[in-house]
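**Q** Sequence first, then the predicted structure:
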Amino acid sequence: ATPTAIMVGTGKAAELGILISGGDALEQARRITTVVLDKTGTLTRGRPDVTALHIVDGVDADQLLAYAAAAETGSEHPLGEAIVRHARARDLAVAAAESFEAVPGHGVEARVDGRAVLVGNAALMRRHDVDVTALSDRTAGVAATGGTPVYVALDGRLAGVAGVADTLRPESADAVAQLRALGLQVWMLTGDNRVTAEVVAREVGITHVIADVRPEEKAARVAALQERGAVVAMVGDGINDAPALARADLGIAIGTGTDVAIAASDITLVGGDLRGIVSAIALSRRTVTTIK
Ligand code: ADP
Ligand code: MG
């Protein structure tokens, strides 16, 4: 496209809340064959809440929550923030952790009141040989409704599972339908477990799901699609999405997401409305045909 056509195109996009970093991005948009969407914070709002708490016999629910919140206080993960917010809402006394370590793609490990506290997914429990079978029915129930099970272990033993659920962005399903109507293949790429991921995918009309992906693997998954001939637009909001956003043929960040994701992207959807992807592609097609 000519520089003038690109200026007009990016100007129109900006009016729609779609910030395009340059002419290359606008030209690239029309070549996209595959759109890969992160789940949490991209298809969903990214502000999950604790919606259930299942405890092992003999454990006090408030105490469990207080330990979990103490462990998550230093966490920047939305699941951790949900647990801290929930404990605060219940006016629980949350101790300061004596030590704390975030384990990307897994959860947190902390020491609170002299006790070892683990909060995270099944892989984190496996790493520490924590047997989770006592609550497997409850855990399955959480995932079956689209919630993320967050395990809590005290001193190496399972103490409970919190169900943490995020709500979909109202326009997500519509955006997916519009992308598919353009003939694009739509994928979900998430670090969350397969069951939860597939329930959410079904709700928005996505049939291709890559779940249980560790943060450092996201970019490789995008590259694998590219090796199979796909021209990929990756859409994400998190720090852990940044390498995949940079790897994709077109990186699209959610404007309310992290600065790191925005910096790694070619396009930013200011208000987070995913239908902006459709607008950007349509605009790209028009901008390019205008100058032919
Ligand atoms: P995503 O944001 O796509 O879910 P992450 O790689 O950040 O991917 O996390 C993968 C999974 O690890 C989460 O779904 C969750 O089960 C677990 N997890 C990560 N961080 C935390 C945390 N701070 N507290 C609890 N669970 C966590
Ligand atoms: Mg995310």
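**A** Done, it's in. Everything numeric in this text was worked out from a predicted model, so none of it was measured. Ligands and ions are numbered 1, 2, ... in the order given.
**Q** all strands in the stretch 51-200 of the chain, in order from the N-terminus.
**A** 99-103, 107-112, 115-120, 148-154, 157-165, 185-189 (DSSP state E, counting those that start in this stretch).
**Q** Relative to ligand 2, which of those is closest?
**A** Nearest of the strands of the stretch 51-200 of the chain to ligand 2, taken as C-beta to the ion: strand 185-189 at 9.7 Å. All C-beta atoms are positioned from the backbone trio N, CA, C, and that covers glycine.
**Q** which ones are touching the nearest residue to Ala263 once chain neighbours are set aside?
**A** For Ala263, ignoring the flanking residues on the chain, the nearest one in space by C-beta to C-beta, 6 or more residues apart in numbering is Ala242 at 7.5 Å. Residues counted as contacts of Ala242 (C-beta atoms under 8 Å, 6 or more residues apart in numbering) are 236, 258, 260-261, 263-264.
**Q** what about burial for those residues, which qualify?
**A** Burial by neighbour count, 16 or more other C-beta atoms under 10 Å: within the contacts of Ala242 this picks out 236, 258, 260-261, 264.
**Q** JSON lines please, covering those and showing distance to Glu203 and pLDDT.
**A** Listed next are the buried ones among the contacts of Ala242 as JSON lines, based on distance: C-beta to C-beta, whole Å; pLDDT from 0 to 100:
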{"residue": "Gly236", "distance to Glu203": "19", "pLDDT": "96"}
{"residue": "Thr258", "distance to Glu203": "25", "pLDDT": "89"}
{"residue": "Val260", "distance to Glu203": "28", "pLDDT": "95"}
{"residue": "Ala261", "distance to Glu203": "23", "pLDDT": "95"}
{"residue": "Ala264", "distance to Glu203": "28", "pLDDT": "96"}
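**Q** so can I have TSV of those showing distance to Gly107?
**A** Shown next, in TSV, are these (distance: C-beta to C-beta, whole Å):
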residue	distance to Gly107
Gly236	20
Thr258	19
Val260	20
Ala261	21
Ala264	24
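**Q** quick one: which of those sit in strands?
**A** Within these, membership in strands is found for Gly236, as judged by DSSP state E.
**Q** which of the buried ones among the contacts of Ala242 lies closest to ligand 2?
**A** Gly236 (5.8 Å).
**Q** isn't that closest one right next to Thr258, touching?
**A** No: at 9.3 Å, Gly236 does not count as touching Thr258 under the criterion of C-beta atoms under 8 Å.
**Q** Regarding the nearest residue in space to Ala14 that is not next to it in sequence, what are the backbone dihedral angles?
**A** The spatial neighbour of Ala14 that comes closest, neighbours along the chain excluded (C-beta to C-beta, 6+ apart), is Ile20 at 7.6 Å. Dihedral pair for Ile20: phi -110, psi 130, per degrees, to the nearest 10.
**Q** Can you tell me how far Ile20 is from Ala242?
**A** When distance is defined by C-beta to C-beta, to the nearest Å, Ile20 is 19 Å away from Ala242.
**Q** ok, now Ala89?
**A** Applying C-beta to C-beta, the value for Ala89 to Ala242 is 32 Å.
**Q** Thank you, goodbye.
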